[in-house]
Each structure stands twice: as structure tokens, then as C-alpha cells.
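Sequence isn't available, so here's the structure alone:
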């Protein structure tokens, strides 16, 4: 479904180059919910921008159903962290959800149905005529999620969507993501820096190293499919998985170079431990 | 209720005081150049709201509207182009800075040579003078489109004309309106100036004409008429702006209170 092959990204600055992403290869199957977790500054956003076609990689390629991504692919929706800056403030909630559908040239009755369904699914059936800035942060992010779901994407990318909301809202939104995924079965990639969130949400967790980024581990989450904030988070298995992710993320760089990486670090053109 | 009364009092208080002061100070005036306000008002009603309304005020307003519209449409279109394309911006910016630095009234004699002394010349003077604030504000507004919003639009395939209509223009509209408001006051000034040089009708022409024929009350009344006109146009502009930018004012209030 989604193949990421040998992605490398080097930012060229004045007289200095920064290697943000070294070598990323993984694939996501149809209908999977995969979380990508990594420390802050680990090139997660860079990776997401490359996958969504907003940024081109220095090396490697991203394929969606075998087709190479160059430029934003039509069957993809992205939910950004900055909900306040990703909704159009001059449009009502309904118009925000409708705009991409209009762009897709869907007929009016189909649009109406998709808007009503998606806003109801995120619990905003009453908020159609409000403007985004009249809503709380959590509700704004729900609108952005509804807009993504209504778009009927093949792949849904989420870039730390709950990093800026309070803890209670965050728990609600996490459950919403699980619900929506069960309901619509959209292939979902959820990027986060929060280990608990990654383990709680994902079927699989991809653990990234700090920058320059490589995949540390591809961990299957064998928690039961029906999850809830109380029992799942207090189960012993959750604690084990959480500890495993934690230790991978905090493992020192040198050790990972010998143990995990497929290429020796010294062969890299820049960076590496001095 | 008392709140409303207070606000009405605040708004009208000073105008009433000034009006009364002028009225009583000039009441018994025998000075030829400072006629009583009552005579000025008589002239305002009889002349300016009488025959001069169609003969002078209307032509002025038509030229103002034409010049302002040409400037608004042209400057927003050009501003979008300059704001979007770095190449165009690099090419045009030095030239624009030069043209902007020329005080528009000084161009009237030149424009008279090129375009004659008809309505066309006056419209061009108005348009040329009031296009700068509109153009420069549009460029700034277009350049300041939020990067996340822009990425969002791209991922949903909103590009080209749809991007312009749904993203760029609405996003730049607060700045565009700021430019249009500045442009409007410049346009009114140039409307009068363009009629001072060579004209057969218009507000500026009529005021100068009245002054030259020592119709002092009428001259004063013409000034009042211009003030009134500017005030009404600004009011009208505010109404349109408040409607178009309701989302922006709401957004700003929401950001301030959080």
C-alpha cells in the first residue's frame, strides 16, 4: 500500500549541510494503523512532509500502491499539529469540510452526505455553521479530522495532531481516532513523540532514532483490538511494550550504530559521533 | 439603555460642541471672509444640495468612482502577481519604488499633455495616486499566507485558480482592505486636485470658482460639502469592510481573549 524506500533528506544551508533523515525504509499495509514515534527533532515532520509530497527527498522514494509520490498525491489527507492554522478561518466548519470535496468535483448531494457523516462521526453534528475560531482547540482538531475523513483518502497522515491540546481532550481524541479507524478502515500513519500514545493507538509502532534518523525498531503491538484508556493503559502488557519503546528511544547512539543500523555510521558523509 | 445613551453622547458630543462654538462665534460676524455659519449652511442647502449636486458633485463622484475602481482592480491583480512571483517582484520593485515616490499632483501637468484635459486625465490621476497603498498592501498580504494553511491547501489539491480564490485572496483580504481604505482618502484628495487645474465642473472646480468670484459663503459651504462627502464614503467603506472581514475581527477577538 504505502512503501517508503531508502529515504534520505539533507538540508543544504550556507556552508553547512544538515542530515535530517539518514535512511528510512518501511511499508504499511492496506488498512493498517501505524504509529511513528521518535524523540523531538528526530525528523518526524520531515518524513511526513516527504510522504505527503510536500517535500522531495534527497534520496529514495515513496510509493502509494506502486505509484511514486512527487507532489501531493490525490488519495491522501493530512492532519497537521497546528489546527489553528490548518482550518480556513474565513469559512464555517461546514465550508471547511466541503472545500476539498468541491475540489474533487463531487456532486452536491454526495458532498452533503459526506459532510454530515464525518461531522457526526467526530461529534460535531451541531457545529456546522460555527467558525473554527469560535471552537475550542480540541473541537478545531476534530473539524480537521472530519475534513480528512470526508475526503475519503486511501492514506491518512497525522502529524502530532494532539500535541497542542490538554490531557483530557487528548484522551478523547485518541479514542476518536481508534473509532474512526474501525469505522472507515483508512490506512493511517500517526506521528507522535508520545510513547504512551503510540503504544495505545497503533497496531504497529515504528521507533525512530534521533536525527539523522533511521528506524530503530518495527514493533508489533499485540494488545487486544478493543482498547480503552483505563484497562488498556493499566495492563501489564501495555507497560512492557511501553518500556520497550522507551528503552529503544533512549538507547545511546553508538550502541544503536553497531546493533541496529544496517549501514555502519562511519560510512556516512557527515555527522556521526566525533 | 444608559450604555447606548453614553455611547451616542460620546460620539456626537464633540461635533455638537464644535458646531455650536462656530455657530455662536460667527453669529454676528460682519467680516467678509468669515460669514456667519447660518449663511454658510443656507448656501450649502441652496447651492450644493441644489443645482450644484447634479452639475458638480455628481461628475466628481463619477470620476472618483471610476479612478478608484480602476486602481483597486488593477492594483489587486498586479499585487497578487508580484506577491506570488519572486521574479516579478525582483524585476518590478525598484521601478515601483521610484513611481511611488513621485507626488501624484505633480503629474497633472504631464498627464494633461498626454491625455488632454477631459475626464480621462482626471480618472488617470486619481487611479495613479491611490493605487500605491492598495498595491503595496496586497503584495504584503499575498506574501504572508500562512505556511500550514498553504500546505493544507496543497495536500487537498487546491491549486491554481481555486487556490487564488479560496486561499490567497481571503487570506490577504485584511491587508487589501487596509490598502483600499488608505487609497480612498488619497483618491478624494486627488479628485479635488485634478479639478483645480483645468476643468469645467466638479467640486474642486466649483470651490475655486466660488472663491474667485468672492462668493465666500459658498466657498466655505463647498469645503463642508467635501468633508461631508469624505465622511460618508468612509462610513460606507466601514460597512462593507465589517461585512467582508467579519471573520477576521472575530478571529482577532478570539485570539486576544485566549
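Structure's in. What do you need? As the structure is a prediction and not an experimental result, all values here were calculated from the model.

what ranges do the helices span in chain B?
Ranges of helices in chain B, per DSSP state H, are B:2-26, B:37-43, B:51-52, B:58-84, B:86-101, B:107-115, B:119-143, B:147-155, B:160-163, B:169-197, B:203-212, B:216-244, B:246-257.

Run through who's touching the fifth one.
Meaning helix B:86-101. Contact with helix B:86-101 is made by B:81-83, B:132, B:135-136, B:139, as judged by CB atoms under 8 Å, 6 or more residues apart in numbering or on different chains. In short, each C-beta sits where N, CA and C put it, glycine included.

JSON lines for these, including pLDDT?
Shown next, in JSON lines, are these (pLDDT from 0 to 100):
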{"residue": "B:81", "pLDDT": "94"}
{"residue": "B:82", "pLDDT": "94"}
{"residue": "B:83", "pLDDT": "93"}
{"residue": "B:132", "pLDDT": "94"}
{"residue": "B:135", "pLDDT": "95"}
{"residue": "B:136", "pLDDT": "93"}
{"residue": "B:139", "pLDDT": "94"}
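
Drop anything exposed from these.
B:82-83, B:132, B:135-136, B:139 (16 or more other CB atoms under 10 Å in any protein chain shown).

Which of the residues you listed sits closest to residue B:192?
Nearest to residue B:192 among the buried ones among the contacts of helix B:86-101, counting by CB to CB, is residue B:132 at 18.3 Å.

Please name the residues that touch the closest one.
Applying CB under 8 Å, 6+ apart, we find residue B:132 in contact with B:75, B:99-100, B:183, B:186.

swap in residue A:128?
Contacts of residue A:128 by CB under 8 Å, 6+ apart are A:92-94, A:115, A:119.

hmm, try it at 6 Å
By CB atoms under 6 Å, 6 or more residues apart in numbering or on different chains, the residues touching residue A:128 are A:93-94.

Same question for the one 3 residues further on.
Residue A:131 makes contact with A:92, B:247, according to CB under 6 Å, 6+ apart.

Kindly report the residues of the stretch 151-258 of chain B close to chain A.
B:151-152, B:154-158, B:170, B:247, B:251, B:254 (CB under 6 Å from any CB of the partner chain).

CSV for these, including neighbour count?
Listed next are those as CSV, based on neighbours: other CB atoms under 10 Å in any protein chain shown:
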residue, neighbour count
B:151, 21
B:152, 26
B:154, 18
B:155, 27
B:156, 24
B:157, 18
B:158, 22
B:170, 20
B:247, 19
B:251, 19
B:254, 16
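
and the least confident of these?
Across these, the smallest pLDDT goes to residue B:254, namely 90.

From residue B:83, how far off is that one?
Look at residue B:254 and residue B:83: by CB to CB, to the nearest Å, they are 27 Å apart.

now do residue A:74
Using CB to CB, we find residue A:74 at a distance of 28 Å from residue B:83.

now swap in residue B:186 and tell me
21 Å.

Model confidence score at residue B:103, please.
Listed pLDDT for residue B:103 reads 89.

tally of neighbours for it?
7 (other CB atoms under 10 Å in any protein chain shown).

Could you do residue A:189 as well?
Neighbour count of residue A:189, defined by other CB under 10 Å: 26.

what's near enough to touch it?
The contact partners of residue A:189, by CB under 6 Å, 6+ apart, come to A:34, A:157.

And what about it, helix, strand or coil?
Under DSSP: H, G, I helix; E, B strand; the rest coil, residue A:189 falls in the strand class.

Quick check: beta-bridge partners of it?
Per DSSP bridges, the residues bridged to residue A:189 are residue A:34, residue A:157.

can you pull the pLDDT of it?
So, for residue A:189, pLDDT stands at 95.

Which positions within stretch A:175-190 qualify as buried?
A:176-178, A:180-181, A:184, A:186-190.

Would you tell me which one of the residues you listed comes nearest to chain B?
Among the buried residues of stretch A:175-190, residue A:189 lies closest to chain B (CB to the nearest CB), at 13.4 Å.

how close does the closest one sit to residue A:27?
Distance, residue A:189 to residue A:27, using CB to CB: 11 Å.

do the same with residue A:58
Residue A:58 sits 20 Å away from residue A:27, going by CB to CB.

Show me the helices in the stretch 101-250 of chain A, by range?
Ranges of helices in the stretch 101-250 of chain A, per DSSP state H, counting those that start in this stretch, are A:108-121, A:137-150, A:167-184, A:195-201, A:231-234, A:236-250.

so what secondary structure elements neighbour the last one?
It stands for helix A:236-250. helix A:195-201 (3 or more CB pairs under 6 Å, 6 or more residues apart in numbering or on different chains; DSSP states H and E).
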